[in-house]
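Trainee: no sequence for this one, just the structure:
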């Protein structure tokens, strides 16, 4: 990065470290922090969306819809997460490629499954094998995101369903007595009030989601855990910056990173809980009311 | 509008033209000097140089992809990349799942490395998961401890978790030379496998033919031997 770094073997002390910590691989590691943050920023709303959909479906009075919602929740909650993380990207990828194959290459006569091999015509590759590396990385990221959203969505669905059911029934009955339709009552009474019940469960999920991001590494995405292991491992003279096994320092940095992230989240979620409790018929709502009255 | 359609058409055509020739080369990037990620973040090493030369000779456009050793074969058969060029020894077991080109390094020695000369080679031996060395250790009756990356196997010996590590001699040599006498070769070298070759999908016979021929020409004109000497030193076996 800097001019002085052209010949790393001649450097010593602080200059060596400055060059070492700004090497190409280290810059990739710093970028991977953004990958993790981006995943969190996208996976949380996506999971909430899946969860909301699942909860509404599970509460539906139409039997097939309710079964679908309940089936989704039960299935994801009942199968080890890791199985889903491995299954979803492969299934979606091969399913997509198969669909593309059938539509784009109708004249292709060879079977898609040949022994161990999964072979589609070159045009059906997602992304195309000629696509730039960025496209491949983005595609892998989107598949991972989908897996995260699916898995965490099921847990969020259960939490949200519980929260929807926790809003006092009397309030909904009152709304109906005023002539609101069930949809109106849901929008105006349940929806605004359910969050206070949902937040403890959702904040749990958020914490677990933060701690689950290293699963990205399992899906072949170079996240901070990959880089910490790769950069921390001992390097021989073949590398520009040889050093002994430094994994412990890299993993220590990871520990600080994750602690900082969860500590910050806890602060924000605590505030949010206070905000949502105002005027609610819950213990914390009552405590707020008393504090305000005094 | 017509112009746009025309441009799109040309783009689509050039995309199809480029389609057939982009070969994705899968490697591990953690096995110096065969393949490793250099400090610029690029794949480097013997196989990088070899692979680029093979692609040039076979007139293919190649792109490098790194993946975990554990999933390197499943990712190939699933079509995430088209070749494995990752210091993979040709063995019968692997040949049941994927097909290999002819070898591009002669069958090479595997060795034990330990902290002392009298290390117990029937004791606890570290090896990387899914390697021929791991298979061999299991057969010798020693207690095998497997690790996901080659570097961890060395770490296990340094911190006393394992009595010795068993791996390709070419991989171990730099670690022994640079350890300042802490690490040393112990016991006899063992010849394993049929040399290192490129792995391809069994259905991909055309591509295998191209790489096979390219390796053949490199063997014939001596460039392969020169590459082996450059990366593995003058004493390593050549063709």
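Mentor: Yep, that arrived. Quick caveat: nothing in here was measured; it's all calculated off a predicted structure. Residues are numbered from 1 along each chain as shown, chains lettered A, B, ... in the order given.
Trainee: count of residues packed around the nearest residue to residue B:71 once chain neighbours are set aside?
Mentor: Excluding its sequence neighbours, the residue lying closest to residue B:71 (Cβ to Cβ, 6 or more residues apart in numbering or on different chains) is residue A:220, at 7.4 Å. Just so you know, the C-beta spots here come from the backbone N, C-alpha and C atoms, and that holds for glycine as well. Residue A:220 is flanked by 19 other residues according to other Cβ atoms under 10 Å in any protein chain shown.
Trainee: what's residue A:220 sitting at in phi/psi?
Mentor: Main-chain dihedrals, residue A:220, degrees, to the nearest 10: phi 80, psi 10.
Trainee: dump the residue contacts of it.
Mentor: Residues near residue A:220 by Cβ atoms under 8 Å, 6 or more residues apart in numbering or on different chains: A:140, B:67, B:68, B:71, B:75.
Trainee: element containing the residue nearest the centre of chain A, please.
Mentor: Residue closest to the mean C-alpha point of chain A, counted by Cα atoms, centre = their mean, is residue A:43 at 3.6 Å. Following DSSP states H and E, one finds residue A:43 within helix A:24-58.
Trainee: quick check: mean pLDDT of that helix?
Mentor: Taken as a whole, helix A:24-58 carries a mean pLDDT of 94.
Trainee: returning to that earlier point: in strands only, show me the contacts of residue A:220.
Mentor: Among the contacts of residue A:220, no member is found in strands (DSSP state E).
Trainee: so of the residues you listed, which ones are in helices?
Mentor: Counting by DSSP state H, the contacts of residue A:220 place A:140, B:75 in helices.
Trainee: so which of the contacts of residue A:220 comes closest to residue B:229?
Mentor: Lowest distance from residue B:229 to these (Cβ to Cβ) belongs to residue B:67, with 28.6 Å.
Trainee: I figured that closest one hits residue B:81, correct?
Mentor: Yes - counting by Cβ atoms under 8 Å, residue B:67 touches residue B:81, with 7.5 Å between them.
Trainee: of those two, which one has the most company?
Mentor: Using other Cβ under 10 Å as the criterion, residue B:67 and residue B:81 rank with residue B:81 on top: 23 against 20.
Trainee: on that earlier part again, leaving out chain neighbours, which residue sits closest to the residue nearest to the centre of chain A?
Mentor: Once flanking residues are discounted, residue A:43 sits nearest to residue A:148: 4.2 Å by Cβ to Cβ, 6+ apart.
Trainee: check residue B:198 too.
Mentor: Nearest non-adjacent residue to residue B:198, counting by Cβ to Cβ, 6+ apart: residue B:101, 4.4 Å away.
Trainee: from residue B:27, how far out is that neighbour?
Mentor: Going from residue B:101 to residue B:27 by Cβ to Cβ, to the nearest Å gives 15 Å.
Trainee: what's the answer for residue A:84, then?
Mentor: Taking Cβ to Cβ, one finds residue A:84 at 28 Å from residue B:27.
Trainee: who has more neighbours, those two?
Mentor: For residue A:84 versus residue B:27, neighbours defined as other Cβ under 10 Å are more numerous around residue B:27 (28 against 18).
Trainee: for the more buried one, give the beta-bridge partners.
Mentor: Following DSSP bridges, residue B:27 is listed with bridge partners residue B:66.
Trainee: can I assume it is in contact with residue B:65?
Mentor: Yes - with contact defined as Cβ under 8 Å, residue B:27 and residue B:65 form a contacting pair (7.3 Å).
Trainee: for chain B, just list every one of the helices.
Mentor: B:2-19, B:46-57, B:72-77, B:92-95, B:132-140, B:150-158, B:169-178, B:205-220, B:223-232.
Trainee: please identify the most buried of those.
Mentor: Of all the helices of chain B, helix B:150-158 has the most neighbours on average by mean count of other Cβ atoms under 10 Å in any protein chain shown, namely a mean of 23.
Trainee: now the angle from that one to helix B:169-178?
Mentor: Angle of helix B:150-158 versus helix B:169-178, following axes from the mean of the first three to the mean of the last three Cα atoms, to 10 degrees, is 50 degrees.
Trainee: now helix B:150-158: mean pLDDT?
Mentor: 92.
Trainee: again, but for stretch A:216-228
Mentor: What stretch A:216-228 shows for mean pLDDT is 86.
Trainee: need the contacts of residue A:220 in CSV with pLDDT and distance to residue A:11, can you?
Mentor: CSV is the format used below for these (pLDDT from 0 to 100; distance: Cβ to Cβ, whole Å):
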residue, pLDDT, distance to residue A:11
A:140, 91, 36
B:67, 89, 33
B:68, 87, 32
B:71, 87, 37
B:75, 90, 38
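Trainee: which one of the contacts of residue A:220 is nearest to residue A:110?
Mentor: Taking those together and measuring to residue A:110 by Cβ to Cβ, the closest member is residue B:75, at 20.9 Å.
Trainee: OK, contacts around the residue lying closest to the closest one once chain neighbours are set aside?
Mentor: Once flanking residues are discounted, residue B:75 sits nearest to residue B:67: 5.4 Å by Cβ to Cβ, 6+ apart. Listed by Cβ under 8 Å, 6+ apart, the contact set of residue B:67 reads A:220, B:26, B:27, B:28, B:75, B:80, B:81.
Trainee: how much space between the last one and chain A?
Mentor: By that I understand residue B:81. Separation of residue B:81 from chain A (Cβ to the nearest Cβ, to the nearest Å): 8 Å.
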